[in-house]
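Visitor: what follows is a protein structure lacking sequence information:
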DNA sequence: AATATAACTGGACGGTGTACAGTTGCCAAC
DNA sequence: GTTGGCAACTGTACACCGTCCAGTTATATT
């Protein structure tokens, strides 16, 4: 029995509450389970009620996606070796993405999400690249290449897999690590002419 | 005036005709224009008529996506420098993907598409990597890294862009090229120890 | 105390992919 | 050459989707 509420009656909805419900749905049943209507139902509310707290589904997704990045472990700021710190940071990013496989395509589609968490991680990465003696003019490209590698590898690691070869997670992680090492090796080599 | 046809009357549909119509729609209005209903309308046919020639929309998309890869220029088999050939191949792939920006996320979601064209290009790439003295055990990883870089860079090059900075195409291409050079440099360096 | 605003409900619009039940054209077998 | 049977269709419908519009009412503002 769907709890009804007379028109005009308030439900005490807030934007954080809406986002929280969306995150729950996402954690439970993946991105397929996440619809405006499902979020509304979970909150005991009419679907369009959400539009008082969120402009549209895209914005909601933006927020939820950026929230996932909270799980990424920031590197030790006192770390001596910047290259090792970069490796750790990107590996953590990769792990988090693989853990939320079904929304990796969404990350790609919106270029890695553009919330506060994403920009924060981007800044950290830029700083580390600077410490690694990457020339300022190439830092943007380097960051982009690293992020592309992490998200792209995560997409390939999950995906539908092949019918015959499901692509074992261990192997996918190894391929990510290898590619990352090549990228960093080439980066170091290119700047150290 | 939607041409009607009595039930039981044939329209002379074929699977290639359906795919061709889908490709046309895609070329005209992007992936948004491509729906079962739009394809059916273009063929003067009821929507569900398509299901006699295509199992579902996913399969249709698979076919159309792989068809796009026909535009990728295969490298000169007589090329002397394998690294240069790889660069040419990946750059062409990147260009084609950027030209079909809206379906790049689809490529990612299904791990680069798995049609005959995709596998053919994969084989060519593998062969070039072998000629570049990449050890057999690492060829798969190298191929994956290169493909991830191409598709991922294309995704970032297109996308919604930022509201403030639309990301000029020229700059995006430069970032792709730079990243590619790092990848190949690191690859060469790692194998030549 | 009156008024404006914001939070909701009910209902609807236009869209999606696809399943089910029919009608009929065509091809193969007798 | 007639007869089955299969496959290609149409019509209809289901279950969704995101989102807009017009109301109703609780709350904040004056």
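Guide: Received, thanks. All values derive from a computational prediction rather than experimental measurement.

Visitor: the helix or strand of chain A with the lowest mean pLDDT near chain B at all?
Guide: Least confident helix or strand of chain A, by mean pLDDT, DSSP states H and E, is helix A:104-109 with a mean of 86. Yes. Counting by CB under 8 Å from any CB of the partner chain, contacts between helix A:104-109 and chain B involve A:104, A:105, A:108, A:109. (Each C-beta comes from the backbone N, C-alpha and C, glycine too.)

Visitor: now the two most distant members of those.
Guide: A:104 and A:109 (9.7 Å; CB to CB).

Visitor: between those two, point out the one with more neighbours.
Guide: Taking neighbours as other CB atoms under 10 Å in any protein chain shown, residue A:104 and residue A:109 compare with residue A:104 leading, 25 against 21.

Visitor: ok, that one - contacts?
Guide: A:97, A:151, A:154, A:155, A:158, B:108 (CB atoms under 8 Å, 6 or more residues apart in numbering or on different chains).

Visitor: could I get these as CSV with distance to DNA strand D?
Guide: Formatted as CSV, the contacts of residue A:104 follow (distance: CB to the nearest atom of the strand, whole Å):
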residue, distance to DNA strand D
A:97, 22
A:151, 23
A:154, 23
A:155, 22
A:158, 21
B:108, 21
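
Visitor: and residue A:161, what's its pLDDT?
Guide: At residue A:161, the pLDDT value in this model is 55.

Visitor: about what we covered before: which of the residues of helix A:104-109 next to chain B sits closest to residue B:85?
Guide: Among those, and counting by CB to CB, the member closest to residue B:85 is residue A:108, at 27.4 Å.

Visitor: near DNA strand D, which residues of chain A are found?
Guide: Within chain A, the positions lying close to DNA strand D (CB under 7 Å from any atom of the strand) are A:6-10, A:34-38, A:47-48, A:51, A:56-58.

Visitor: pull out the buried residues from those.
Guide: Neighbour-count burial (16 or more other CB atoms under 10 Å in any protein chain shown) is assigned, among these, to A:34, A:36, A:38.

Visitor: the first one and residue A:26 touch, don't they?
Guide: Read that as residue A:34. Yes. Using CB atoms under 8 Å, residue A:34 makes contact with residue A:26 at a distance of 5.3 Å.

Visitor: got the phi and psi for the residue in chain A that DNA strand D sits nearest to?
Guide: Nearest residue of chain A to DNA strand D: residue A:8, at 1.7 Å (CB to the nearest atom of the strand). Residue A:8 has phi and psi values of phi 100, psi -30 when expressed as degrees, to the nearest 10.

Visitor: try residue A:125
Guide: Backbone geometry at residue A:125, expressed as degrees, to the nearest 10, gives phi -60, psi -40.

Visitor: my guess is it contacts residue A:144, does it?
Guide: No. With contact defined as CB under 8 Å, residue A:125 does not count as touching residue A:144 (10.1 Å).

Visitor: after the regular element (helix or strand) spanning residue A:39 comes which helix or strand?
Guide: If you go by DSSP states H and E, residue A:39 is part of helix A:36-42. Per DSSP H and E, helix A:36-42 leads on to helix A:57-68 as the next helix or strand towards the C-terminus.
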